[in-house]
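Q: 3D model of this:
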Amino acid sequence: LEMEFLNMANSVPGVGQVSGGARQAPGGTLRLADDLVISRMGFGAMQLAGPGVFGPPRHRDQALAVLREAVDRGVTHIDTSDFYGPVTVNELIREALHPYPADLRIVTKVGARRGQDGSWRPSLEPADLVAQVRENLAHLGVDALDAVNLRLRADGTGRESVAEAFGALAELQKEGLIRH
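A: Model (predicted):
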């Protein structure tokens, strides 16, 4: 896992190079909102968990090293979710990177739960989405999430009311728990 990231990162011109004391973002930056600028190349943390995105990683120390190396090379956004593992990946991110660099943006997802058998189950009830946001906050060790994506299945399973789901997330944004 570590070597795959390093080989990929080393092939991108300018990755991790320092200019004027600041890390240079891989591929430049992208402005998603007035106060949300991220590196074009992010890090998808899903595969840090064990086989099937379930359980702990086979090589915990390597998983932690990969996260640190990504940030050292200029990655300023990490894509994650508390249902990766479950919980495992967010705890790895916290262990490897907390306290977080000021420019690091963590983007997480809600809308699913994992069964004991590792299955992915829709979980879109407003109360459950609120609980998932709070769990992500706790496991990442932050007071607010930079951005939250709502996971909807392509086949529409479990999607009775998208409006209710987005309404619950909008309320959390008003409370200051979600920035974007």
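Q: Pull up the distance across stretch 43-58, start to finish.
A: One end of stretch 43-58 sits 19 Å from the other (Cα to Cα, to the nearest Å).
Q: Which residues does it contact?
A: 1, 5, 63, 66-67, 70, 75, 77-81, 84-86, 88-89, 92-93, 114, 118 (Cβ atoms under 8 Å, 6 or more residues apart in numbering). From N, CA and C alone the C-beta is placed, and that goes for glycine too.
Q: Flag every buried residue along that stretch.
A: Neighbour counts over stretch 43-58 (16 or more other Cβ atoms under 10 Å) mark Phe43, Ala45, Leu48, Ala49, Val53, Phe54, Pro56, Pro57 as buried.
Q: and what of stretch 102-117?
A: Neighbour-count burial for stretch 102-117 [16+ other Cβ under 10 Å]: Asp103, Leu104, Arg105, Ile106, Val107, Thr108, Lys109, Val110, Gly111, Ala112, Arg113, Arg114.
Q: hmm, back to that, please list only the buried members of the contacts of stretch 43-58.
A: 5, 63, 66-67, 70, 75, 77-81, 84-86, 88-89, 92-93, 114.
Q: out of these, which are inside helices?
A: Judged by DSSP state H, these include Phe5, Ala63, Val66, Leu67, Ala70, Thr88, Val89, Leu92, Ile93 as members of helices.
Q: can you tell me which two in those residues are farthest apart?
A: Using Cβ to Cβ, the pair of these lying farthest apart is Phe5 and Thr88, separated by 18.1 Å.
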